[in-house]
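Enquirer: Predicted model and sequence below, questions to follow.
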Amino acid sequence: MRNIGIIAHIDAGKTTTTERILYFTGRTYKIGETHDGESVMDYLPYERERGITITSAATSCNWKGVNINIVDTPGHVDFTAEVERSLRVLDGAVVIFCGKGGVEPQSETVWRQADKYRVPRIAFINKMDAVGADHRGVVEQIRTRLGAKPVLITIPVIEEHGMSGVIDVINERYLTFGEKPGFEMKANPIPSAYREEFADCRRELVETLAENDEEVLELYVENRPIPASIITAALRRLTISGRLVPVLCGSAYRNIGVQPLLDAIVDFLPSPRDIGEIKARLHGSGEPVVIKPDENDEFAALVFKIVSDRHVGRLAFIRVYSGKLSAGSYVYHVNRGRREHVGRLLRMHANHRQEIPEIKAGDIAAVIGLKNVCTGDTLASEARPVMLEEIDFPEPVITIAIEPKNRADQVRVAEALAKLSAEDPTFTATVNRETGQTLISGMGELHLEIIAERLRREFKVEARLGRPQVAYKETISRTAEGEGRYVKQTGGHGQYGHVKLRVEPAEETNIEFKITGGVIPREYFAAIEAGILEGLAEGPVKGFPVVNVKVTVLDGSFHEVDSSEIAFKMAGFLAVKNALSKAAPKLLEPIMKIEITAPDEFTGGIINNLNSKRGRLDSIDTSYNTQVIRGFAPLAELFGYSTSIRSITQGRAGFNMEFSHYEETCIEPDKLAI
């Protein structure tokens, strides 16, 4: 078995390559083209209209007796979470590069994600039939930009009419693939024009293996011939350990080089057994536990994707790490501490479903019937409730306001947003208590545009997107005292309440009562506190909540007949309002912590842009020709920042931000866009 992901920059040919893999393994009977909107893997209407992958799609096929589970992932930076969750549960990856574009911005991002999860990978240089394609240049970029050790194992053969085949460096043969899909791959002698390049590649491959593998080194030093089987075995060991990256060439669209890629997936990428034991912790005690990829062991699996399907309800995609799971059985949901019923088990082929009776260690499948699971949750047996490592998702970087076009749709929009945020961990929907707006956050403008489209198509609700308001706050600069007197005389009982208090700056808001014996009866303290809190809810500058204030009730008076809770609540309200107006109030704005990862040539432009947004630089770290720039900037300046940072860096920057703290704004309150 192989569990692999297809990852790359947008438009490098991931889906096209996956379509060919499915065709040549006999999984599909015709090739679906992305530009015709007929690909099997891009099955959602908005994927077909745009010609891009938006959600990762799972499928499986069989090649030379090996079952291959494939996840085709998006290339657009806005959908990076799909790559993140896929790499967390996959054992290997095929990274596709454009023969012309080479290592493009999102290539760097997905490579870093694969590094993070220590996923072994092979590279496929696609579009070698394009004018200007240069496989040697791409290999050099993989070496310098990504810090990897690539080794070419197939060479493209370009003739007058275009690309005709590839040279298999390991088995010393020239492979041709016929004119039409379905033609058999044929082995031919290496063309004379390519003998020199083949000899150079073969020597480089053997020398690189000798540097890293003792078995090859021994034969190399003794100048003995090195058979293909030993080269393949050594390359497999070094690929699984992450020390080398085999590189193949081809043109998926022209059906050239796909079968050698399938051979490489089987030969060089690991099975679940090769990955071996993984570490987990016992729920509750935190005691370390080793999980073995053994179907006879206790069950343990990770939920890595949730999909709301209108036909079958909630689908949970799981990767089984040990044991087995049968349809109709029960499983222990470790995060919630409860049992869940497993309804049906499905083998997914994009949006087509095949029901299966059970799944075993190492396998990937979808489960129907799990009610309360979320992405990153662990399912296990009650006998061994282990917690697997969760998936680490990037924080949303762009926030906009959303409202239904019809007020009657308010509840339906809220329900739809809750379902969408359960599916996508990088999408959040919140209601801002201060402004009353519903805010949706995501990874970019395209991400949120797709969310709005899904609301319209899948949930049948129309919604408008707009710019959110910034949630400002207020505080005070100095200590001041205030007095509130509420006296109302009517026929019969009147109203009387009188409070004196002091406000002073503090690290957090709190209220104290320092009233000497019997000035105000204790039963009115709760009413006074309620009045003070009501007064702090709207500050004197612009009506925003007041924070970081210590309020001390010092004195007051009461009337035995006319005093009441309502009177003292109003007195507390008036007293705090009076004190705040004397305490030099000021406006605070939310400050965001920003982290930008980009190639070092863009550092100057990023820093200048940060300064123009009233930001300040915190630190710069360097790693593999990549700069990690950290700083702070006001949220009010950061709407549309993801777009501007991608523009500055030609789309090659990774970017995330999170709330840091509130601080005094340097802009006059009257000039703020509130």
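Expert: Alright, I've got the coordinates.
Enquirer: only C-alpha atoms for contact and neighbour calcs from this point on.
Expert: Fine.
Enquirer: which residues of the stretch 401-550 of the chain fall in helices?
Expert: 410-423, 445-457, 525-536 (DSSP state H, counting those that start in this stretch).
Enquirer: and residue 556, how far is that from residue 565?
Expert: 14 Å (CA to CA, to the nearest Å).
Enquirer: what sits against residue 424?
Expert: Remark: with contacts taken as CA atoms under 8 Å, 6 or more residues apart in numbering, residue 424 is in contact with 81, 306.
Enquirer: you'd agree residue 290 is up against residue 280?
Expert: Yes: using CA atoms under 8 Å, residue 290 is in contact with residue 280, at 6.2 Å.
Enquirer: Among those two, which residue is more densely surrounded?
Expert: More neighbours surround residue 280 than the other of residue 290 and residue 280, with 18 against 13 (other CA atoms under 10 Å).
Enquirer: Assign a three-state SS to that one, would you?
Expert: strand (DSSP: H, G, I helix; E, B strand; the rest coil).
Enquirer: is it true that it touches residue 301?
Expert: No: with contact defined as CA under 8 Å, residue 280 does not reach residue 301; the gap is 11.1 Å.
Enquirer: quick one: common contacting residues for those two?
Expert: Joint contacts of residue 280 and residue 301 (CA under 8 Å, 6+ apart) are residue 388.
Enquirer: Could you look up the SS state of residue 371?
Expert: Assignment for residue 371 (three-state DSSP): coil.
Enquirer: any idea how far it lies from residue 306?
Expert: 11 Å.
Enquirer: Residues that sit against both of these two, list them.
Expert: In contact with both residue 371 and residue 306: residue 314, using CA under 8 Å, 6+ apart.
Enquirer: Show me which of the two is the more surrounded one.
Expert: Shown here are residue 371 and residue 306; by other CA under 10 Å, residue 306 has more neighbours (24 against 13).
Enquirer: List the beta-bridge partners for the more buried one.
Expert: Note on residue 306: beta-bridge partners by DSSP bridges are residue 316.
Enquirer: From what I see, it and residue 316 are in contact.
Expert: Yes: counting by CA under 8 Å, residue 316 is a contact partner of residue 306 at 4.7 Å.
Enquirer: lowest-confidence stretch among the helices of the stretch 401-550 of the chain?
Expert: Looking at the helices of the stretch 401-550 of the chain, the lowest mean pLDDT belongs to helix 445-457 (a mean of 80).
Enquirer: for it, packing partners?
Expert: Judged by 3 or more CA pairs under 8 Å, 6 or more residues apart in numbering; DSSP states H and E, the packing partners of helix 445-457 are helix 410-423, strand 438-442, strand 463-466.
Enquirer: Out of the ones you listed, which is closest to residue 481?
Expert: strand 438-442 (37.9 Å; CA to CA).
Enquirer: Give the pairing partners of the closest one; include direction for each.
Expert: strand 398-404 (antiparallel), strand 428-431 (antiparallel).
Enquirer: strands paired with the helix or strand hosting residue 289, and their directions?
Expert: Assigned by DSSP states H and E, residue 289 falls within strand 288-291. Applying DSSP bridges to the sheet, strand 288-291 is found paired with strand 278-282 (antiparallel).
Enquirer: Show me the shaky parts of the stretch 351-500 of the chain.
Expert: 351, 395, 397-398, 433-435, 444, 467-469, 490-492 (pLDDT under 70).
Enquirer: Going along the chain, name the helices of the stretch 151-300 of the chain.
Expert: Under DSSP H, counting those that start in this stretch, the stretch 151-300 of the chain gives helices at 195-212, 214-221, 228-240, 258-268, 272-275.
Enquirer: Kindly reformat those helices as TSV containing mean pLDDT, distance to residue 535 and mean neighbour count.
Expert: Below are these laid out as TSV (pLDDT from 0 to 100; distance: least, CA to CA, whole Å; neighbours: other CA atoms under 10 Å):
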stretch	mean pLDDT	distance to residue 535	mean neighbour count
helix 195-212	92	71	16
helix 214-221	89	77	15
helix 228-240	93	64	18
helix 258-268	93	67	20
helix 272-275	86	61	17
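Enquirer: Residue 495 is nearest to which of these?
Expert: Residue 495 lies closest, by CA to CA, to one member of the helices of the stretch 151-300 of the chain: helix 272-275, at 76.9 Å.
Enquirer: In which helix or strand does the residue sitting nearest the centre point of the chain reside?
Expert: Centroid-nearest residue in the chain: residue 81, 2.6 Å away (criterion: CA atoms, centre = their mean). Assigned by DSSP H and E, residue 81 belongs to helix 80-89.
Enquirer: Show the subsequent helix or strand relative to that helix.
Expert: strand 92-98.
Enquirer: tilt between that following strand and helix 228-240?
Expert: Interaxial angle of strand 92-98 relative to helix 228-240 (axes from the mean of the first three to the mean of the last three CA atoms, to 10 degrees): 90 degrees.
Enquirer: would TSV of the helices of the stretch 151-300 of the chain with distance to residue 363 be doable?
Expert: Formatted as TSV, those follow (distance: least, CA to CA, whole Å):
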stretch	distance to residue 363
helix 195-212	32
helix 214-221	33
helix 228-240	19
helix 258-268	16
helix 272-275	9
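Enquirer: Now the terminal residues of stretch 315-329, how far apart.
Expert: 16 Å.
Enquirer: Flag every buried residue along it.
Expert: 315-327 (16 or more other CA atoms under 10 Å).
Enquirer: ok, now stretch 508-520?
Expert: 509, 515, 520.
Enquirer: do stretch 595-604 as well
Expert: 595, 596, 597, 598, 599, 600, 602, 603.
Enquirer: what's near enough to touch the nearest residue to the second one once chain neighbours are set aside?
Expert: If you skip the residues right next to it in sequence, residue 596 has residue 655 as its closest partner in space, 4.5 Å away by CA to CA, 6 or more residues apart in numbering. Contact analysis of residue 655 by CA under 8 Å, 6+ apart lists 397, 594, 595, 596, 597, 642.
Enquirer: The fourth one - that's part of a helix, no?
Expert: No: in this structure, residue 596 is strand, not part of a helix, as judged by three-state DSSP.
Enquirer: coming back round to it: may I see the buried residues of stretch 508-520 organised as TSV, with distance to residue 228 added?
Expert: Putting the buried residues of stretch 508-520 into TSV (distance: CA to CA, whole Å) gives the following:
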residue	distance to residue 228
509	73
515	91
520	94
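Enquirer: Okay, and which of these map to strands?
Expert: If you go by DSSP state E, these have nothing in strands.
Enquirer: In the residues you listed, which has the lowest confidence score?
Expert: Among these, pLDDT bottoms out at residue 515, giving 78.
Enquirer: Report the contact partners of the residue nearest to residue 67 when sequence neighbours are not counted.
Expert: Leaving aside its chain neighbours, residue 67 sits nearest to residue 1 (4.8 Å; criterion: CA to CA, 6+ apart). By CA under 8 Å, 6+ apart, the residues touching residue 1 are 66, 67, 68, 69, 271, 272, 362.
Enquirer: Recalculate using a threshold of 7 Å.
Expert: Residue 1 makes contact with 66, 67, 68, 271, according to CA atoms under 7 Å, 6 or more residues apart in numbering.
Enquirer: For the nearest residue to the first one once chain neighbours are set aside, give its distance to residue 417.
Expert: This means residue 66. Nearest non-adjacent residue to residue 66, counting by CA to CA, 6+ apart: residue 1, 5.5 Å away. With distances taken as CA to CA, residue 1 is found 37 Å from residue 417.
Enquirer: pLDDT score for residue 75?
Expert: 58.
Enquirer: Likewise for the one 4 residues further on?
Expert: Residue 79 carries a pLDDT score of 67 in this model.
Enquirer: can you check residue 54 too?
Expert: So, for residue 54, pLDDT stands at 55.
Enquirer: what do you get for residue 68?
Expert: 90.
Enquirer: So what pairs up with it in the strands?
Expert: The partner residues for residue 68, given DSSP bridges, come to residue 2, residue 61.
Enquirer: List the residues that contact it.
Expert: So residue 68 contacts 1, 2, 3, 60, 61, 62 (CA under 7 Å, 6+ apart).
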